[in-house]
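In: sequence below, structure please.
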Amino acid sequence: MPDISKAAIDEIIDTYSDTVYKVAYSQIKNRSDAEDVFQNVFLKYLKKQPDFINQQHAKAWFIRVTINCCKDIWKSSWNRRTQPLEENLVSDVKEENTLDEFLTKLSPKYRIVIHLFYYEEMSISEISKLLRRKESTVKMQLTRARRMLKVYMESGEENV
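Out: As a prediction, the model looks like this:
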């Protein structure tokens, strides 16, 4: 296994840290677990040291590994036996905080397609390949997620 220079590692972390953390947090919904996922993803990168075809391939790899690490946390016996503490994350912008609260009410399968489509600006085709779902499934999940968000936001209820 070839050694990666510190500069190359720093560049990879700088490039993909926001994406990895945001995807992890959007799926896990708490800081400490998202930070654990973040560390695991970059440890997997360092152990595997994959060769990427291009930047889009690298981004897809990091997102896919992040999603898999999130699934590992959901499946863990610790996670199944505990109740999460409510985290109150304060945002500088009230509307953004409200949207985040509504997004956390969606199930993970809907949150991830919303996140990838709007925040990572991926196409339905790219999301389909990344999540290994049919394009029609991704379109339907986006439609349902938008509909649920609209209902949540119009009613003002966060516990719908």
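In: mind checking which helix or strand of the protein has the lowest mean pLDDT?
Out: Ranking every helix and strand in the chain by mean pLDDT, DSSP states H and E puts helix 77-81 at the bottom, with a mean of 53.
In: ok, for the spatially most central residue of the chain, nearest residue in space, not its chain neighbours?
Out: Geometric centre of the chain, nearest residue: residue 23, 1.8 Å, by CA atoms, centre = their mean. In this structure, residue 23 finds its nearest non-sequential neighbour in residue 66, 4.6 Å apart by CB to CB, 6 or more residues apart in numbering. C-beta coordinates here come from the backbone N, C-alpha and C atoms, glycine included.
In: so where does the one you found fall, helix or strand?
Out: helix 55-75 (DSSP states H and E).
In: name the helices or strands packed onto that helix?
Out: helix 6-28, helix 31-48, helix 108-114, helix 124-131 (3 or more CB pairs under 8 Å, 6 or more residues apart in numbering; DSSP states H and E).
In: quick one: average pLDDT of the third one?
Out: Put plainly, it is helix 108-114. Averaging pLDDT along helix 108-114 gives 90.
In: buried residues in that helix, which are they?
Out: For helix 108-114, the neighbour count (16 or more other CB atoms under 10 Å) marks 110-114 as buried.
In: who's in contact with that helix?
Out: Residues from elsewhere that reach helix 108-114, judged by CB atoms under 8 Å, 6 or more residues apart in numbering: 23, 26-27, 67, 70, 74, 103-104, 106, 127, 131, 138, 141-142, 144-146, 148-149.
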